[in-house]
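*Asks:* sequence below, structure please.
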Amino acid sequence: MMLRLSFLLMYLLNLATSALTAVEYSKNDFPPGFLFGASTSAYQVEGAANEDGRTPSIWDTFAHAGNVHGTGDIACDGYHKYKEDVKLMADTGLDAYRFSISWSRLIPNGRGPVNPKGLQYYNNLINELISYGIQPHVTLHHFDLPQALEDEYGGWINRTIV
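*Replies:* Residues are numbered from 1 along each chain as shown. Model prediction:
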């Protein structure tokens, strides 16, 4: 009992000290041109795993095999809620947003024709960011290789992929 009380007292003392010494920062405290941003990866936020022509990626296969807790099938549903997400970014004061493009959404078979619905989604997202004055920064690959390329070539260990 005494140990719990000591721990609680120490916790409260630490909390009070932190509150009293907290320093507030503003954007003006940073050099001109400094960007405040956030980043995501397609697999972790888009969801809509089986919609509009998207095919499975290696992450889908890995997650559905039970290797991780959960899948990206729904995720944060950014595919449908990107306008709400961008507004939240703007309300937070972000200047930049780095996101990855799902290769499986944009070019479903890993090569060949571009999926018009996938292209439209990313175009809409970029336009929404720009409309709020947020700079888009695109990552072309964030560990979500189309499963078709993994099956055919063995993934990145094959120079054909590169």
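*Asks:* show the subsequent helix or strand relative to the host helix or strand of Pro136.
*Replies:* Assigned by DSSP states H and E, Pro136 belongs to strand 135-139. Moving toward the C-terminus from strand 135-139, the next helix or strand (DSSP H and E) is helix 147-153.
*Asks:* for the protein, just list every one of the strands.
*Replies:* Shown for the chain, the strands assigned by DSSP state E span residues 37-39, 96-100, 135-139.
*Asks:* count of residues packed around Val86?
*Replies:* Val86: 24 surrounding residues under other C-beta atoms under 10 Å. From N, CA and C alone the C-beta is placed, and that goes for glycine too.
*Asks:* revised request: answer the last question for Ala49.
*Replies:* When neighbours are counted by other C-beta under 10 Å, Ala49 registers 23.
*Asks:* was I right about it contacting Trp59?
*Replies:* No. Using C-beta atoms under 8 Å, Ala49 makes no contact with Trp59, being 9.8 Å away.
*Asks:* need the overlap of contacts for these two.
*Replies:* By C-beta atoms under 8 Å, 6 or more residues apart in numbering, Ala49 and Trp59 have these common neighbours: Gly72.
*Asks:* Ser57 reaches Leu149, doesn't it?
*Replies:* No. Contact criterion C-beta under 8 Å: Ser57 and Leu149 do not qualify, at 9.5 Å.
*Asks:* so between the two, which is more surrounded?
*Replies:* Ser57 (26 against 22).
*Asks:* partners of the more buried one in the sheet?
*Replies:* Applying DSSP bridges to Ser57 yields these beta-bridge partners: Pro146.
*Asks:* I'd like the strands of the chain laid out as JSON lines, including distance to Val162, mean neighbour count and mean pLDDT.
*Replies:* Converted to JSON lines, these look like this (distance: least, C-beta to C-beta, whole Å; neighbours: other C-beta atoms under 10 Å; pLDDT from 0 to 100):
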{"stretch": "strand 37-39", "distance to Val162": "24", "mean neighbour count": "13", "mean pLDDT": "97"}
{"stretch": "strand 96-100", "distance to Val162": "18", "mean neighbour count": "20", "mean pLDDT": "98"}
{"stretch": "strand 135-139", "distance to Val162": "17", "mean neighbour count": "13", "mean pLDDT": "98"}
